[in-house]
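# got a structure for you, letters missing:
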């Protein structure tokens, strides 16, 4: 796609920001080939079940590859007015802690690969000690 104007570029940016920084919680699970090979489908189903059980108002979405295959399954949590958090090597047993984070606004640091903030709109690796 060729971008013909600054207005068109700003429209693309608004669309991308709406997905990265939604008005309600959005949880994505990378279920590409590497994710599937590392139980991403089971993680996805567990998240859907737990979201329903806890009555969390969230969209749970299966998406394709996030990129870093060695850290699959990857789960991204997008919450209003917060950086998006990328969780790595998520197992079904990690789902309650991650959804506890969603409910409390906290972050389970041992599982975090990185975050995406509005400030730079680029994924950044972070070290939580």
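Yep, it's here. Predicted model, so just to flag it, every value in this text is computed and none were measured.

# where in this structure is pLDDT low?
20, 118-129 (pLDDT under 70).

# tell me which element the residue positioned nearest the centre of it is part of?
Compute the mean C-alpha point of the chain, and by Cα atoms, centre = their mean the closest residue is residue 76, 1.2 Å away. Assessed by DSSP states H and E, residue 76 sits inside strand 75-78.

# Same check on residue 27?
Using DSSP H and E, residue 27 falls in strand 25-30.

# which residues are in contact with that strand?
Identification of contacts with strand 25-30 by Cβ atoms under 8 Å, 6 or more residues apart in numbering yields 19, 35, 40, 43-44, 47, 51, 56-66, 72-80, 90, 102. C-beta: built from backbone N, CA, C; applies to glycine.

# Tell me which helix or strand residue 59 sits in.
Per DSSP H and E: strand 58-63 holds residue 59.

# ok, back up a step: mind listing what the strand holding residue 76 pairs with, with the direction of each?
strand 25-30 (antiparallel), strand 84-87 (antiparallel) (DSSP bridges).

# packing partners for the one helix or strand residue 13 maps to?
Here residue 13 sits within helix 6-20, counting by DSSP H and E. With contacts defined as 3 or more Cβ pairs under 8 Å, 6 or more residues apart in numbering; DSSP states H and E, helix 6-20 has no helix or strand neighbours.

# Taking strand 25-30 as reference, get the angle to that helix.
Counting by axes from the mean of the first three to the mean of the last three Cα atoms, to 10 degrees, helix 6-20 points 90 degrees away from the direction of strand 25-30.
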